[in-house]
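In: please work out how this folds:
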Amino acid sequence: MDGQGEAPLRDRPLLVIDGDSFAHRAYHGLPKTLRRRDGKGAGAILGFANFLLRLYRDEQPRAVLVGWDTLDTPTWRHRALPGYQGGRAFDAELVEQLAVLPEFVAACGFVAAKAAGYEADDFLAAAVAQEEARGGHAVVATGDRDAFQLASDKTTILQPQRAGVMLRLGAAEIRARYGVEPRQVPDFIALRGDPSDRIPGAKGIGAKGAAAVIRRYGSLDAALGDGRFAAEAEMLRLYRKIATMDRTAPIPELCDQTPSWDKAAALARDWDLTNLADRLAALAEERGPAQKAPQ
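Out: Now for the predicted structure:
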């Protein structure tokens with residue numbers, strides 16, 4: 001991962017990961033028989049770790065931030081829209097692994113962003129805003145299409161497909177897929193709705209209709225100003241606010257990072273995840289003793 005001929009850290013992207021998205025995929029994709037030393041589940045941890053290591057190898061980032069939801073505390077979105085994300089039920093074993101995965105991310109030397117009142121999406125947006133402001137470029141890995149609003153000439157979205165394939169989406173690909181600009185995606189979601197988050201959208205307006213309205217008027221506000229959707233105007237504005245990622249979410253300054261694979265290996269070994277521990281230890285050895293994290 002860190003051999004000769006690589007780009008200087010300043011020229012590498014910031015890697016931003018939706019932790020919940022990949023942990024959920026891992027949990028449902030791996031056998032439930034995978035266990036840690038204490039008998040607790042390990043599938044989500046192992047699968048997420050595989051995603052993380054592969055993304056790090058492929059993207060060679062200067063730094064990594066992983067955003068997480070706080071499942072036991074409602075956000076302002078839940079209070080503003082009763083039923084938002086309603087009907088979601090997570091297995092207890094998945095919830096327990098989601099609680100300890102930020103510890104694994106931190107052990108790797110990366111930033112695990114999690115705070116009451118915020119969703120993982122908000123931390124992704126804040127990280128992208130910070131990186132673009134410093135003149136860098138970001139790669140955002142997520143299965144959540146709400147993140148399409150982050151695509152730009154400096155930010156690429158990585159969307160997981162089947163068989164481990166990752167689709168790379170920039171602003172041009174978002175325009176081709178939805179027929180709107182990335183910055184218009186929250187307006188598009190407000191009109192179309194989002195079944196996964198239980199956002200109803202405008203009555204009788206699907207994806208094609210939503211895109212047509214946005215292309216004609218340029219924004220939801222302009223459409224409402226012209227008298228469209230008058231009876232639903234207040235709710236549509238709320239839906240757009242809910243669909244808009246919070247670029248002001250609290251994150252630290254994302255400085256260049258040196259992975260502490262040895263610390264992550266020690267944690268994996270403590271969990272009795274021997275194969276993962278051995279992989280991480282091998283990565284630490286590749287770095288050499290001088291670059292290992294202090295014990």
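In: domain map for the chain?
Out: Following automatic domain parsing, one gets these domains for the chain: 11-171+247-290, 176-243.
In: give me the mean pLDDT for the last one.
Out: Okay, so that is domain 176-243. Averaging pLDDT along domain 176-243 yields 96.
In: now do the strands in the stretch 101-250 of the chain.
Out: 111-113, 138-141, 155-160, 166-169 (DSSP state E, counting those that start in this stretch).
In: which of the ones you listed sits closest to residue 250?
Out: strand 111-113 (8.0 Å; C-beta to C-beta). To be clear about C-beta, it is placed using only N, CA and C from the backbone, and glycine gets the same treatment.
In: which residue comes closest to residue 113 once chain neighbours are left out?
Out: Among residues not flanking residue 113 along the chain, residue 123 sits closest, at 3.8 Å (C-beta to C-beta, 6 or more residues apart in numbering).
In: tell me the buried residues in stretch 30-40?
Out: Within stretch 30-40, the residues scored as buried using 16 or more other C-beta atoms under 10 Å are 30, 35-36.
In: can you show me the helices along the stretch 101-250 of the chain?
Out: 120-133, 171-178, 185-192, 207-217, 220-225, 233-243 (DSSP state H, counting those that start in this stretch).
In: measure residue 118 to residue 133 for me?
Out: Going from residue 118 to residue 133 by C-beta to C-beta, to the nearest Å gives 19 Å.
In: higher neighbour count, those two?
Out: Legend: neighbour count by other C-beta atoms under 10 Å for residue 118 and residue 133, higher for residue 118 (25 against 10).
In: now do the same contact list for the more buried one.
Out: Residue 118 makes contact with 70, 75, 246, 249-250 under the criterion C-beta atoms under 8 Å, 6 or more residues apart in numbering.
In: hey, which of the strands of the stretch 101-250 of the chain is tucked in deepest?
Out: Neighbour counts (mean count of other C-beta atoms under 10 Å) averaged over each of the strands of the stretch 101-250 of the chain peak at strand 138-141, with a mean of 26.
In: counting neighbours, what do you get for the closest residue to residue 70 other than its chain neighbours?
Out: With C-beta to C-beta, 6+ apart as the criterion, residue 70 has its nearest non-adjacent residue at 5.1 Å, and that residue is residue 116. Residue 116 is flanked by 9 other residues according to other C-beta under 10 Å.
In: mind checking the backbone torsions on residue 116?
Out: Residue 116 has phi and psi values of phi -60, psi 140 when expressed as degrees, to the nearest 10.
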